[in-house]
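*Asks:* whatever this is, show me its structure:
(chains A and B)
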2 protein chains.
Amino acid sequence: MEQKPEILDTRLVHRSRLFGIEEVHLRFSNGTECQFERLRTPPIAGVMCVPLLDDNTVVLIREYGAGTEEYHLTLPKGGYEHGEDWREAANRELQEEAGYACGRMTFLKDMTLSPGYMGHHIRAVLAEDLHESRLPGDEPEPLEVLTWELSRLDELMERDDMNEARVIAALYMVRAMKESG
Amino acid sequence: MEQKPEILDTRLVHRSRLFGIEEVHLRFSNGTECQFERLRTPPIAGVMCVPLLDDNTVVLIREYGAGTEEYHLTLPKGGYEHGEDWREAANRELQEEAGYACGRMTFLKDMTLSPGYMGHHIRAVLAEDLHESRLPGDEPEPLEVLTWELSRLDELMERDDMNEARVIAALYMVRAMKESG
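*Replies:* This next block holds a predicted model:
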């Protein structure tokens, strides 16, 4: 299975302002040929901050999701252009969405959302050494900012409005990192 | 912010075999009106198993992602129809993708992927009391099945082929559950 399928053809079948839908024709190393539909991978990448006020206190935001039609507890995140430094992009989103700038940023993990259907990646980063600093963002309403203790993460997971897989993953990764020193 | 935005209009602008793209017109409680693009939420829901051979040994699969064009370590998952029991769907996917059936299933979390852009949910469940049982699936090639110790989860996260946010989230949730007894 180490030999990747051969991509025989890729065709853009729909395109809207944000999304592109592609058909991809693959031949697996065992000879099986398949057609898959997938979202086109966007030219911008995503970055998401886990902002820590101290080793046990994370800053969360509460934001409306137009996809789910619900408010969610989430982490500051946004896109960055090809060539832009992800640390600058992360620090900008942190200031726009949570009202903090950070002095120290640590790479956590590049995560995928649904690798069978989309190539989208988001870079999760730990943001520390925070100080208050707000930049105007493009949010349709001000975001609620709150804090939570990492030692009470399991309790946070019991909330229905905490459900975004990449947020849950990043919070547990930061807790594991802090616990292991 | 507790008052949800009013949905003034929703329009399907593209549709393909798998995906639908919608434009949604919202008015937030502060009066701001916005147009968002989102993926249409599919009629089937997803379910994903964390199969445990014992309290410290998880079963993983290795599968090609047509979206990322890479092989990934992941967990057995699939869709289930409206009205189908998620436990049956989870047990079917487990047998098709990993070659195990389970005697005990525990709900972990309903997770979202990207709530700003899609309403897709996946139900993460813990699958225990496993026994070997294989059902034929629709995979284009047999999936590699491997095991990993939850006590070495941080080491797993260092691998580039372990990157799916919902998989990372579910593995940490199971480890936390097992550690807390």
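*Asks:* just the helices in chain A please.
*Replies:* Ranges of helices in chain A, per DSSP state H, are A:86-97, A:153-157, A:165-179.
*Asks:* ok, which of those comes nearest chain B?
*Replies:* Across the helices of chain A, chain B has its closest neighbour in helix A:165-179 (3.4 Å, Cβ to the nearest Cβ). Bear in mind the C-beta positions are built from the backbone N, C-alpha and C, glycine included.
*Asks:* residues contacting A:R17?
*Replies:* Neighbouring residues of A:R17 by Cβ atoms under 8 Å, 6 or more residues apart in numbering or on different chains: B:E37.
*Asks:* now do A:M173
*Replies:* Applying Cβ under 8 Å, 6+ apart, the residues near A:M173 are A:108-109, A:124, B:157, B:168, B:172.
*Asks:* direction included, what does the lowest-mean-pLDDT helix or strand in chain A pair up with?
*Replies:* One helix or strand of chain A scores below all others by mean pLDDT, DSSP states H and E: strand A:77-80, with a mean of 92. Partners of strand A:77-80 in the sheet, by DSSP bridges, are strand A:45-54 (antiparallel).
*Asks:* what angle do the strand it pairs with and helix B:165-179 make?
*Replies:* 30 degrees (axes from the mean of the first three to the mean of the last three Cα atoms, to 10 degrees).
*Asks:* ok, the residue nearest the centre of chain A to A:A89 distance?
*Replies:* With distances taken as Cα atoms, centre = their mean, the residue of chain A nearest its centroid is A:I122 (4.3 Å). Using Cβ to Cβ, to the nearest Å, A:I122 is found at 11 Å from A:A89.
*Asks:* pop the domain breakdown of chain A in here.
*Replies:* Structural domains annotated on chain A: A:6-39, A:45-179, as defined by automatic domain parsing.
*Asks:* now, of these, which is deepest in the fold?
*Replies:* Looking across these with neighbours counted as mean count of other Cβ atoms under 10 Å in any protein chain shown, the highest average goes to domain A:45-179: a mean of 19.
*Asks:* distance from the chain centre to that domain, please.
*Replies:* The chain centroid and the centroid of domain A:45-179 are separated by 7 Å under Cα atoms, centre = their mean, to the nearest Å.
*Asks:* in this structure A:P42 contacts A:H120, no?
*Replies:* Yes - at 6.8 Å, A:P42 and A:H120 qualify as touching, with contact defined as Cβ atoms under 8 Å.
*Asks:* re earlier: which residues do A:I122 and A:A89 both contact?
*Replies:* Shared contacts of A:I122 and A:A89, defined by Cβ under 8 Å, 6+ apart, are found at A:V47.
*Asks:* and the pLDDT for A:M1?
*Replies:* The per-residue pLDDT reported for A:M1 equals 51.
*Asks:* which residues sit in contact with the residue of chain A most remote from its centre?
*Replies:* Distance from the centre of chain A peaks at A:G31, with 35.4 Å (Cα atoms, centre = their mean). Shown in contact with A:G31 (Cβ under 8 Å, 6+ apart): no residues.
*Asks:* same thing but at 10 Å, please
*Replies:* Shown in contact with A:G31 (Cβ atoms under 10 Å, 6 or more residues apart in numbering or on different chains): B:140-141.
*Asks:* cool, and A:M118?
*Replies:* A:19, A:22, A:38-42, A:112, B:19, B:39, B:65-68, B:113-114, B:118.
*Asks:* kindly report the same for A:R159.
*Replies:* With Cβ under 10 Å, 6+ apart, A:R159 has these contacts: A:72-73, A:148.
*Asks:* mind putting those residues into a markdown table with distance to B:R134 and pLDDT?
*Replies:* A markdown table is the format used below for the contacts of A:R159 (distance: Cβ to Cβ, whole Å; pLDDT from 0 to 100):
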| residue | distance to B:R134 | pLDDT |
| --- | --- | --- |
| A:H72 | 38 | 97 |
| A:L73 | 40 | 98 |
| A:W148 | 43 | 98 |
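*Asks:* where exactly do the strands run in chain A?
*Replies:* Assigned by DSSP state E, the strands in chain A fall at A:6-15, A:20-27, A:33-39, A:45-54, A:57-65, A:70-74, A:77-80, A:100-112, A:121-132, A:144-149.
*Asks:* out of those, which gets nearest to B:H82?
*Replies:* Evaluated with Cβ to Cβ, these place strand A:70-74 nearest to B:H82, the distance being 19.6 Å.
*Asks:* what's the angle between that closest one and helix A:86-97?
*Replies:* Using the same axes, to 10 degrees: strand A:70-74 against helix A:86-97 is 130 degrees.
*Asks:* what comes into contact with strand A:70-74?
*Replies:* Under Cβ under 10 Å, 6+ apart, the answer for strand A:70-74 is A:48, A:60-65, A:97, A:143-144, A:146, A:148, A:156, A:159-164, A:166-167, B:1-5, B:112, B:115-116, B:119.
*Asks:* if we go to 7 Å?
*Replies:* A:60-65, A:159, A:161-164, A:167, B:1, B:115 (Cβ atoms under 7 Å, 6 or more residues apart in numbering or on different chains).
*Asks:* please name the strands paired to that strand in the sheet, noting orientation.
*Replies:* strand A:57-65 (antiparallel).
*Asks:* neighbouring contacts of the partner strand?
*Replies:* A:50-53, A:71-76, A:97-98, A:100, A:143-150, A:171, B:1, B:5, B:115-116.
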